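>>> Sequence unavailable; structure follows:
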């Protein structure tokens, strides 16, 4: 009977590290962006929701790939940090390619939110694919 839950400690470890990585990513992302995501989302700003969820999904893809391919928790943590760096790059790419992105998101410009979230998603997909080794 115990063999059914033999992998439970590894699952719990990877899951806990993944949740912590989400927290670290969210703090770093909201610190880097000039707009106040939490306030905007609570106020019903769809552009902010779209951009932030795109970044979270864009981060979750490489995080999932790293969990599936890592050989240890330390390996997983290293690749999670790479995922965070890739999403920071995605934010700067989106910001560079759309003038006044943060102001547009704050003004609830849906196109700006989709652009920011979409760039994050595209970078996340590429990042996840590159992590399959």
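Here it is on my side, so go on. Please read these numbers as outputs of a predicted model, since none were measured by experiment. Numbering: from 1, shown residues only.

>>> buried ones in stretch 19-30?
For stretch 19-30, the buried set under the neighbour-count rule, 16 or more other CB atoms under 10 Å, comprises 21, 25, 26, 29. Where you see a C-beta, it was placed from the backbone N, CA and C, and this is true even at glycine.

>>> tell me the contacts of the last one?
Contacts here follow CB atoms under 8 Å, 6 or more residues apart in numbering; on that basis residue 29 touches 37, 52, 55, 87, 88, 91.

>>> ok, then the element right after the host helix or strand of it?
For residue 29, the element it lies in under DSSP states H and E is helix 8-32. Downstream of helix 8-32, the first helix or strand assigned by DSSP H and E is helix 37-42.

>>> Sort out which residues of that following helix are buried, please.
Of all the residues in helix 37-42, those buried under the rule 16+ other CB under 10 Å are 37, 40, 41.

>>> what's the answer for stretch 75-85, then?
Counting neighbours by 16+ other CB under 10 Å, one finds that the buried residues in stretch 75-85 are 76, 79, 80, 83, 84.

>>> Which of these fall in helices?
Taking DSSP state H as the definition of helices, those contribute 76, 79, 80, 83, 84.

>>> ok, back up a step: of the contacts of residue 29 - the most surrounded one?
The most crowded member of those is residue 55, carrying 28 neighbours; neighbours defined as other CB atoms under 10 Å.
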